[in-house]
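S.K.: Provide a 3D model corresponding to the input given below.
(chains A and B)
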Amino acid sequence: MFYLNTLIKLIKVFLFGTLFLISLHSFAMRGESNKFIDRKARKLAEENPDLVFLSRTIFFAQQENWDSVLVNTQKCLQQVKDQKLLDFIHYYRAEAFHKKSIFKYALREFDLVRKEFEFYTMIQFNKGSIFLSLEKYDEALNLFKSIDTSDQKRIKTIRIDALFHNTGVCYFHLSDYEQSEKYLLRAIHKIQESGNNTALVASYMDLANVYYEQYLDEKAIAYFEKAYLLSKKYGSTELKRNAANSMAVVEENRKRFDLALKYRKEYESWNDSLDDQNKIYEVAQIEKRLAVANKQQQVDLLETENKLEQAKVTIYLIAAILLSVILIFGIYFYRQNVLRSRVILHQKQELDLLNATKDQLFSIVSHDLRSSVHALSASNNQLKDSVEKQAYGSLETQLEENSVIATNTYNMLDNLLNWALLQTEGGYFKPEEHRLSMLIDQVAYNFKGVLNQKEMAFENTIPKSVKVFVDAESLKIVLRNFMDNSIKFSDPGSKITASLEKEEDESVCFNWSDTGKGMSEETRMKLLSDSPQLTKKDHEKVIGSGLGMNLCKSMLAKNEGKLDIWSRKEEGTRMIVTLKKVADGKN
Amino acid sequence: MEKIRILIVEDTVAESDKLIETLTSSQFEVVGIARSHQEALQLFYANKVDIVVIDIFLNGIPEGITFAETLNNVPESARPFVFLTSSTDRTIFERAKLTKPFSFLLKPFNPLEVLYALEMAIEKFYDQPDVFQSDEEDTVISSDFLFIKKKDALKKVAVSDIVNIEVEERYCSIFVGTEKFVIQISLARITNLLDPSKFYRVHRNHIVNAHEIEEIQPSDGLLVMSNKSMVPISDHYKDVLNQFKIIK
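M.R.: Numbers count the residues shown, from 1 in each chain, chains lettered A, B, ... in the order given. Purely as a prediction, here's the structure:
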């Protein structure tokens, strides 16, 4: 009894092997039962040419490349909203998971397929097979039994023999041997019709196990033998091994040890060959691993080389950039240098000119100053003599003379100071709105005495309303010089006039005219030229440095005004001054 | 009309003498000559001063600027002032400019220039530019005085002394006691510049000082002023009378 128990255990172990074989087997042959669904799916894919992923899915499913199927169906799911198409996609996903033995996900995908799906029988069958694999026999059996075997059209989509076989296996595990026998016999019947010998061997062995479990040894042995004989002809190594092992166990039970031994040996040999196969496979695996490692090494080497190359290129690039930066900086500094030296040269020239002017100025001023101070002292001596001689009659004229010399000297000194301030930019300068007529009156006030002495008249006809935008003090310097010059070069009894030439929106133009000696065209041009060079006057007898006109020009320029001169010899001179009328934002 | 009172801050006697001569001949009243900053402050607070003429350099240092800063910083003592200088030195001028001087007077100066500088100072200080030089107007109005240019002299009239004003086109006749001055000023400007709580317009051509009204004769539409002159009230301005509490 104990022996029998162990035997049963053994057989049960065997059964497991065959069972798996069958359920896997029924799937392994893709194409026979799947060709319907594939055909249908391809038709749908052709109807929707934009669904590239669907046709790809079908292609990969036929190639049994399940990973690709999973990827493509994932993309399909994002695109497709149609339920009918979704059924197909879920089916393919389930099939892929099933093939990859991820049963949990396979079941989930199958559950997502609607009952109205035309290949729903396949779903039920496959779900049953999964439950069978998970050893949930009740659920598996329920699913198998729910398949309506009378519906020819639907039953065609699955393998009826596999259905019967799996149902039988379920019953076997639930220990309902009667039903199990019935279904297995039906399966064998169907398999015999289809002529699939491998499946037949498995079915025979399962049936034999059923009988063996019921202690119907006769029947069992007959089927074991049948399976054994058939396996020798058609079965795979594993089948042959299992069949031989079963026979060995059976013969051993029947105490036919010689036969048992023979079967056992056969089993061993099949086992060995299977081991060999495994070994070969392992060696191949190792070789493959080695090859991969080798390749990896090469790849690493190449990568390192690549990195080195990259580093080299980077270094070259950096060097190039550095060099070009240096070059650019070099050029930039060189240019700066050139520009600077040019500016310096220009400044030097300007400075030289200014220096020359200064020298000239000093020579003139020292000469003029000396002569005028000398004249003053000489005149003073004369005055003293006159007082000593008590010749009071000539005193007044002598004093007048003295005063004129002093005034002229003062004016010259004043101009000199202003000129110096202008050169050093040291003067105070603040343009404001002033009434032109007012400023002229203020300047003229100081000349009243001199004018009276020379019996000259001054007239200012500029209307009080005319306003100019100037710095008052600098304009006064200009006017003072005009007045000074006009008085100097005019004969007694003549008249000096300040008159408005024209008043525009932004500028005012006025004339300062006298009827004096006038000047030559050459002198006029010199006076108006831009050079700071001082102009020696035509009338050498009259003291003067030419500084006054130069100052006038500069002062007017600073006030953004303009100066023009009209002059004829012996006819008179007219200074034409244009001044700004309004502030122009800058101030 | 009163003379305008000027304080001179100048250390050089020759210069101040010349200035005093010029100012007195231009009909200004010199109230004092300060020789130093200290003295200037003393004289300024001891006298009623309208304008200050300040020499930048006092005893060789630019103390004048310090005094000007003091004037600017104390609101009650703010007065128009004129910087008097012979220096054309830029740095000192820049510093002087910071005190916002109302005008500069450069040595040597003549009476015309002095008058011009003082006029400018008054115009700028009371922010009524270009009055004295124009042909249309001749009066700057401050809260206390009317500064009036008569020929080539500046005079002032205390605002509180004005009894009433009669407007005729571009001229205004100002009655102070029994005296009458004619000034050139537009009606719009005079009404804007006079304190509206003291001076009421009672007629198209008449403005009165409320404090100087002696009697109201509503039936005749006449106001009798303190100088016994009669000022008519027109219907249009009758509302003015509501401001007085009239006992009937």
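S.K.: nearest spatial neighbour of the residue of chain A found nearest chain B, skipping sequence neighbours?
M.R.: The minimum distance from chain A to chain B, using C-beta to the nearest C-beta, falls at A:Y428 (3.8 Å). Using the backbone N, CA and C atoms, a C-beta is placed for each residue, glycine as well. In this structure, A:Y428 finds its nearest non-sequential neighbour in B:F93, 3.8 Å apart by C-beta to C-beta, 6 or more residues apart in numbering or on different chains.
S.K.: Domain map for the chain?
M.R.: In the absence of a named chain, chain A is used. As assigned by automatic domain parsing, chain A contains the domains A:33-158, A:276-370, A:407-580.
S.K.: That was the other one, I meant chain B.
M.R.: B:2-125, B:159-243.
S.K.: TSV for these, including mean pLDDT?
M.R.: Shown next, in TSV, are these (pLDDT from 0 to 100):
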stretch	mean pLDDT
domain B:2-125	88
domain B:159-243	86
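S.K.: now those in CSV, with mean neighbour count?
M.R.: CSV is the format used below for the domains of chain B (neighbours: other C-beta atoms under 10 Å in any protein chain shown):
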stretch, mean neighbour count
domain B:2-125, 18
domain B:159-243, 16
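S.K.: Would you reformat the ones you listed as TSV and include distance to A:A162?
M.R.: Shown next, in TSV, are those (distance: least, C-beta to C-beta, whole Å):
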stretch	distance to A:A162
domain B:2-125	110
domain B:159-243	115
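S.K.: which parts of chain B sit against chain A?
M.R.: Within chain B, the positions near chain A by C-beta under 8 Å from any C-beta of the partner chain are B:88-90, B:93-94, B:97, B:104, B:106, B:110-113, B:116, B:130, B:133-135.
S.K.: The residues you listed in helices, which ones?
M.R.: B:90, B:93-94, B:97, B:111-113, B:116 (DSSP state H).
S.K.: what two of those have the greatest distance between them?
M.R.: Farthest pair in these (C-beta to C-beta) is B:E94 and B:P111. Separation: 28.9 Å.
S.K.: still on that earlier bit, can you put the domains of chain A in a markdown table and add mean pLDDT?
M.R.: Shown next, in a markdown table, are those (pLDDT from 0 to 100):
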| stretch | mean pLDDT |
| --- | --- |
| domain A:33-158 | 80 |
| domain A:276-370 | 91 |
| domain A:407-580 | 84 |
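S.K.: of all those domains, which lies closest to B:T178?
M.R.: domain A:407-580 (33.9 Å).
S.K.: picking up where we left off before, could the domains of chain A be laid out in TSV, adding distance to B:V157?
M.R.: Below are the domains of chain A laid out as TSV (distance: least, C-beta to C-beta, whole Å):
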stretch	distance to B:V157
domain A:33-158	97
domain A:276-370	52
domain A:407-580	24
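S.K.: Take the ones you listed and write them to JSON lines, including mean neighbour count.
M.R.: Formatted as JSON lines, those follow (neighbours: other C-beta under 10 Å):
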{"stretch": "domain A:33-158", "mean neighbour count": "17"}
{"stretch": "domain A:276-370", "mean neighbour count": "11"}
{"stretch": "domain A:407-580", "mean neighbour count": "18"}
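S.K.: Can you pull the phi/psi pair for B:S142?
M.R.: Note on B:S142: its backbone torsions stand at phi -110, psi -180 [degrees, to the nearest 10].
S.K.: Tell me how far the closest residue to it other than its chain neighbours lies from chain A.
M.R.: In space, and not counting its chain neighbours, B:S142 is closest to B:Y126: 5.2 Å by C-beta to C-beta, 6+ apart. In this view, B:Y126 and chain A are 17 Å apart by C-beta to the nearest C-beta, to the nearest Å.
S.K.: Could you verify that A:E433 is part of a helix?
M.R.: No: read with DSSP: H, G, I helix; E, B strand; the rest coil, A:E433 is strand and lies in no helix.
S.K.: Surely it touches A:D471?
M.R.: No: between A:E433 and A:D471 there is no contact under C-beta atoms under 8 Å: 11.2 Å.
S.K.: Do I have it right that A:R154 meets A:I123?
M.R.: No: using C-beta under 8 Å, A:R154 is not in contact with A:I123, being 11.1 Å away.
S.K.: Now do the phi/psi pair for the nearest residue to A:R435 once chain neighbours are set aside.
M.R.: Leaving aside its chain neighbours, A:R435 sits nearest to B:Q133 (4.8 Å; criterion: C-beta to C-beta, 6+ apart). Note on B:Q133: its backbone torsions stand at phi -90, psi -10 [degrees, to the nearest 10].
S.K.: now do B:D220
M.R.: phi -90, psi -10.
S.K.: Where does A:N355 fall, secondary structure wise?
M.R.: helix A:257-389 (DSSP states H and E).
S.K.: Which SSE is immediately downstream of that helix?
M.R.: By DSSP H and E, the next helix or strand past helix A:257-389 is helix A:395-423.
S.K.: Which strands or helices does that following helix pack on?
M.R.: Helices and strands touching helix A:395-423, by 3 or more C-beta pairs under 8 Å, 6 or more residues apart in numbering or on different chains; DSSP states H and E, are helix A:257-389, helix A:448-453, helix A:472-488, helix A:547-558.
S.K.: sorry, back to before: for the residue nearest to B:S142, grab the count of nearby residues.
M.R.: 18 (other C-beta atoms under 10 Å in any protein chain shown).
S.K.: Give me the pLDDT for it.
M.R.: B:Y126 carries a pLDDT score of 89 in this model.
S.K.: Next up, the contacts around it.
M.R.: Residues near B:Y126 by C-beta atoms under 8 Å, 6 or more residues apart in numbering or on different chains: B:80, B:140-142, B:147.
S.K.: Also B:F44?
M.R.: By C-beta under 8 Å, 6+ apart, the residues touching B:F44 are B:7, B:34, B:52, B:71, B:77.
S.K.: Now with 7 Å, please.
M.R.: B:7, B:52, B:77 (C-beta atoms under 7 Å, 6 or more residues apart in numbering or on different chains).
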